[in-house]
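A.B. asks: Just to be clear, the model below is a prediction. Sequence and coordinates:
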Amino acid sequence: MTQRGSADASASITDDPSLDETLVRRSQAGERKALELLVARHTRFAGAVALSVVRDYHSAMDVVQESFVKVYQRLEGLEDPKRFRPWLRNVVKTTALDSLRRSKVVGRHGEQLPGEDDEGGSTTLPTPNLGPAELSEQSELRAQVREVVTSLPESQRELITLKYLEGASYEEIAKALDLTVSGVESRLFRARAALRKRLVARFGARGAGSEGGSND
Amino acid sequence: MTDPTNQELAEFDALMEAAFADHPFGDAAVEQILAGLPAAETSEAPAAAGAPEGIVISPRWLVGAAALAAALLLGGLLLDLITPVAPSQNKVAVEVREVVGKVGAGFMRLADARQESNGVLPEGSDLHLEDTLVAVGHPAELRLADGTLVSVHADTELRLERAVDGGLSVRLTGAEGRVFCEVAKQKRGAFRVHAQGLDVKVLGTRFVVDQGVRASRVTVVEGRVEARGSVDSIVLGAGDQVEATLATGWRLGKTQVTARRAGLWVPVLRAEQEALDRETASKSAQPAQRPRPQPTQQPPTNEAPVGSAGLDKPVSPPRPAKSPKDTTGPPKED
């Protein structure tokens, strides 16, 4: 995470990467409050990972809840507290895959669509005929966009959910996925291109002069 | 093949962020997860109690117990070393006196203000979480480490808190108050303002929150916020205003205001600050000191105060709203 201003003034409980290590150690020592902070810090991350495996928010939430129960039970065995986030990711993914097997929906999403070239990274696509403002007002549209995300290969889905649901930076994604930052950049570039292509296929292309709408 | 332009990328990013904006992994999820975890265990090492009667302890067990005790002791010492606060307490405190920004001129900690002591914080002092501050008698500003600017109306009491999703919250703790927020992009969680009967979750960037005894109100200047009343919630865009009133059981009532009108409060506030700075400079021998707020004057804009819907005593600075540099004039309806 980047920090602004003087280091001491901007040190944040959520931005401090060493805080996980401290919180894990305290949680391992049985300190409930530390565990609660760990959960609070990583619920969104866990949700993003879960949603990259299962189809919908409801299932993802179930996975996240079950995952944190496992974290509670197994945290003592985590030997390297610095690697809590990658470890949590594995727990969530395993839990999510188990959930999929139980519901017998493996293969129903995430499969490559025939004729698609997701690795090609073509970026000459037009902009999808959608705007943030429309999405913010129409939950059905949001769900449809997320459905398109679930049609991506799993590795790309995870990048997309970490980037846009969790709001993770390239550095954070790289740490969580054991990748280099440049590796994240290039993979995310391809994932975006693939997603854009599918969104255009689903919603059509918008002409030039598309609307803005970012809040930032 | 051409790369997408920055604008195209920004549009796409905004689109995808909007697609996931209603994700369920926020505060409520954290509470649900915590509620589903097994019951809390004590964080203290077991007391060195004697063995219960009738139980024979083998020497081997005693050696193991001694090793365990030594490990616990060492672990405790290490934990003390990395504990930021209260190392002397038996239980390791996890609360971190987190510095979240800097205070501008003119703030006191509430405890000091109540004691009527001259406890005005030096400009640039660290702003800690959970410190309750009051802008003593004139407008003041808080600059958060993430770049967010909170302009605080005279005599407003507030406290910075950290929500469970990691986002920062401003809680208006007095009977009346007003803040204007220019919110930087949050790395974690959402920025929120909590007023009486009204919670405002920031989806955009600039907005004003008024708190009164019988009403609270948010006015959006730019971007979007989600306002939550007692039973309902609504997403507001620029120029929207929503009021929650005691009379309606803190339900939300939305109205439209012009963005220009909504935004006028800010330059007026800053003009007041500049006037105050000049006044303070001319009386540099006199420290800024003021006991508890005595709000009696009109608010610095022509916009109706929240009192129109029940605010008993409009929040206002104790000096004229206009300054020589204030060229905005009174708010006008477009």
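C.D. replies: Thanks, I have it.
A.B. asks: average model confidence for the host helix or strand of residue A:198?
C.D. replies: Secondary-structure assignment from DSSP states H and E places residue A:198 in helix A:181-203. Rounded to a whole number, the mean pLDDT of helix A:181-203 is 89.
A.B. asks: List the buried residues for that helix?
C.D. replies: Applying a neighbour-count criterion of 16 or more other C-beta atoms under 10 Å in any protein chain shown, the buried positions in helix A:181-203 are A:184, A:187-200, A:203. From N, CA and C alone the C-beta is placed, and that goes for glycine too.
A.B. asks: For that helix, name the packing helices and strands.
C.D. replies: strand A:127-128, helix A:139-150, helix A:154-161, helix A:170-177, helix B:6-19 (3 or more C-beta pairs under 8 Å, 6 or more residues apart in numbering or on different chains; DSSP states H and E).
A.B. asks: Check these for me: which has the lowest mean pLDDT.
C.D. replies: Mean pLDDT per stretch puts strand A:127-128 lowest among these, at a mean of 70.
A.B. asks: what does the stretch 151-300 of chain B have sitting close to chain A?
C.D. replies: With C-beta under 8 Å from any C-beta of the partner chain as the criterion, the stretch 151-300 of chain B meets chain A at residues B:162, B:164-166, B:185-189, B:203-205, B:223-224, B:235.
A.B. asks: could you redo the last one with a cut-off of 10 Å?
C.D. replies: The stretch 151-300 of chain B has residues B:162-168, B:183-189, B:202-205, B:222-226, B:235, B:237 near chain A, with proximity defined as C-beta under 10 Å from any C-beta of the partner chain.
A.B. asks: Now restrict the residues you listed to buried residues only.
C.D. replies: The neighbour count (16+ other C-beta under 10 Å) marks B:162-168, B:183, B:186-189, B:202-205, B:222-226, B:235, B:237 as buried among these.
A.B. asks: List the ones among those that fall in strands.
C.D. replies: Restricting these to those inside strands, with DSSP state E as the criterion, leaves B:162, B:168, B:202, B:222, B:225-226, B:235.
A.B. asks: Domain map for chain B?
C.D. replies: Here the domain assignment for chain B is B:62-96, B:98-334, based on automatic domain parsing.
A.B. asks: what is the mean pLDDT for the longest one?
C.D. replies: Domain B:98-334 carries an average pLDDT of 68.
A.B. asks: doesn't residue A:91 make contact with residue A:66?
C.D. replies: Yes - the criterion here is C-beta atoms under 10 Å, and residue A:66 meets it with residue A:91 at 9.3 Å.
A.B. asks: Looking at these two, which has the bigger crowd around it?
C.D. replies: It is residue A:91, of residue A:66 and residue A:91, that has more neighbours when counted by other C-beta atoms under 10 Å in any protein chain shown, with 22 against 19.
A.B. asks: residue contacts, the more buried one?
C.D. replies: Taking C-beta atoms under 10 Å, 6 or more residues apart in numbering or on different chains, we find residue A:91 in contact with A:46, A:49, A:63, A:66-71, A:74-75, A:78.
A.B. asks: Quick check: end-to-end length of stretch A:47-56?
C.D. replies: Start to finish, the residues bounding stretch A:47-56 are 10 Å apart (C-alpha to C-alpha, to the nearest Å).
A.B. asks: if we can go back for a sec, now for the contacts of residue A:91, which pair is the farthest apart?
C.D. replies: Maximum pairwise distance in the contacts of residue A:91, criterion C-beta to C-beta, is 19.4 Å, between A:63 and A:78.
A.B. asks: Could I get the contacting residues of the residue nearest the centre of chain A?
C.D. replies: Within chain A, the residue whose C-alpha comes closest to the C-alpha centroid is residue A:162; the distance, by C-alpha atoms, centre = their mean, is 2.3 Å. When contacts are counted by C-beta under 10 Å, 6+ apart, residue A:162 is found next to A:44-45, A:48-49, A:51-52, A:89, A:168-169, A:172-173, A:176-177, A:184, A:188.
A.B. asks: Going by distance to chain B, which of those wins?
C.D. replies: Ranked by distance to chain B (C-beta to the nearest C-beta), the contacts of residue A:162 are led by residue A:44 at 4.6 Å.
A.B. asks: my read: the closest one touches residue B:188, true?
C.D. replies: Yes - the criterion here is C-beta under 10 Å, and residue A:44 meets it with residue B:188 at 7.9 Å.
A.B. asks: Can you check which residues contact both of these two?
C.D. replies: Residues touching both residue A:44 and residue B:188 comprise A:166-168, B:165-166, with contact defined as C-beta under 10 Å, 6+ apart.
A.B. asks: Take the residues you listed and keep only those in helices.
C.D. replies: Cross-referencing the shared contacts of residue A:44 and residue B:188 with the helices (criterion: DSSP state H) gives no overlap at all.
A.B. asks: Out of those, which two are the most distant from each other?
C.D. replies: When C-beta to C-beta is used, the two most widely separated members of the shared contacts of residue A:44 and residue B:188 are A:168 and B:165, lying 14.1 Å apart.
A.B. asks: Which helix or which strand is home to residue B:193?
C.D. replies: Using DSSP H and E, residue B:193 sits in strand B:192-195.
A.B. asks: tell me what that strand is packed against?
C.D. replies: Packing partners of strand B:192-195 (3 or more C-beta pairs under 10 Å, 6 or more residues apart in numbering or on different chains; DSSP states H and E): strand B:157-162, strand B:168-172, strand B:177-182, strand B:198-202, strand B:206-211, strand B:215-222, strand B:225-228.
A.B. asks: will you turn those strands into JSON lines that also has distance to residue B:138?
C.D. replies: Supplementary listing: these in JSON lines, determined by distance: least, C-beta to C-beta, whole Å:
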{"stretch": "strand B:157-162", "distance to residue B:138": "14"}
{"stretch": "strand B:168-172", "distance to residue B:138": "17"}
{"stretch": "strand B:177-182", "distance to residue B:138": "13"}
{"stretch": "strand B:198-202", "distance to residue B:138": "24"}
{"stretch": "strand B:206-211", "distance to residue B:138": "17"}
{"stretch": "strand B:215-222", "distance to residue B:138": "21"}
{"stretch": "strand B:225-228", "distance to residue B:138": "26"}
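A.B. asks: Number of residues surrounding residue B:220?
C.D. replies: Other residues lying near residue B:220 total 28 when counted by other C-beta under 10 Å.
A.B. asks: Is it bridged to anything, and to what?
C.D. replies: Note on residue B:220: beta-bridge partners by DSSP bridges are residue B:207.
A.B. asks: re the thing from before, more neighbours, residue A:63 and residue A:78?
C.D. replies: residue A:63 (27 against 18).
A.B. asks: mind giving me the domain ranges of chain A?
C.D. replies: A:16-103, A:127-206.
A.B. asks: Contacts only, for residue B:198.
C.D. replies: Under the criterion of C-beta under 10 Å, 6+ apart, the contact list for residue B:198 reads B:172, B:209-211, B:215-218, B:227-230, B:242-245, B:250, B:252.
A.B. asks: Understood, closing this out.
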